[in-house]
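> Got a predicted model here, sequence first, then my questions.
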Amino acid sequence: MIFGEKLKAERTKNGWSQEELAEKLFVSRQSVSKWENGQNYPGIEIIIKLSDLFGITIDELLRSDGGLTNKVIEESRQLAYPRLKFFFDVLIVAGSALLLFKLVVLALNQLTPLDVTMVGGSLFWNFGPLLLMICGGIGSGMLKEKYKQS
């Protein structure tokens, strides 16, 4: 039995309409209809709620439908390292911001009579932004490769 059939069977066994189940899950009736007709799959949060509502295991909901099982596996991989991904993204943004700041200061010094000095030395301002962006990019790339392998 595929997921849509299992969902419909459990819903009717409990005597609920699509509208009633949708209200319990805080989704639209159309979403429930699409799940039952195999046009779409719910996310993992909804699958957990369905498992609780019907009093059956997640395995009973997923095991019969390979497409849904693959979707859940993909979602779990995407959530594997969210904090580390965020850290590498912050490095890239910080490097970009420092580079932009340096370019603005250089433009101000060239185009106006202002003489703005950048504290930290030329080594920091020449290589700091580049180093941050490279480290962020390499780290993000390594996470992407690890995601593909798992």
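Alright, I've got the coordinates.
> Was I right to think residue 132 contacts residue 92?
Yes: the criterion here is CB atoms under 8 Å, and residue 132 meets it with residue 92 at 7.3 Å. Just so you know, the C-beta spots here come from the backbone N, C-alpha and C atoms, and that holds for glycine as well.
> Please identify which of these two sits among more neighbours.
Per other CB atoms under 10 Å, whichever of residue 132 and residue 92 has more neighbours is residue 132, with 20 against 17.
> State the distance from that one to residue 107.
Plainly put, residue 132 is 21 Å away from residue 107 if you go by CB to CB, to the nearest Å.
> what do you get for residue 5?
For residue 5 relative to residue 107 (CB to CB), the value is 64 Å.
> which of these two has more neighbours?
Neighbours were tallied for residue 5 and for residue 107 using other CB under 10 Å; the higher tally belongs to residue 5 (13 against 10).
> Which pLDDT value goes with that one?
Listed pLDDT for residue 5 reads 88.
> The one 4 residues further on now?
Reading off the confidence values, residue 9 has pLDDT 91.
> just the one 4 residues further on next, same as before
Reading off the confidence values, residue 13 has pLDDT 94.
> what's the answer for residue 77, then?
Note on residue 77: pLDDT of 64.
> Can we start the residue count at 24 from this point?
Noted, 24 is the first residue going forward, which turns the last one into residue 100.
> quick check: domain ranges of this structure?
Domain assignment for the chain by automatic domain parsing gives 26-101, 105-172.
> just these: most buried one?
Comparing the domains of the chain on average neighbours per residue, with mean count of other CB atoms under 10 Å, the densest one is domain 26-101 at a mean of 15.
> helices and strands of the protein: which one bottoms out on pLDDT?
helix 89-101 (a mean of 70; mean pLDDT, DSSP states H and E).
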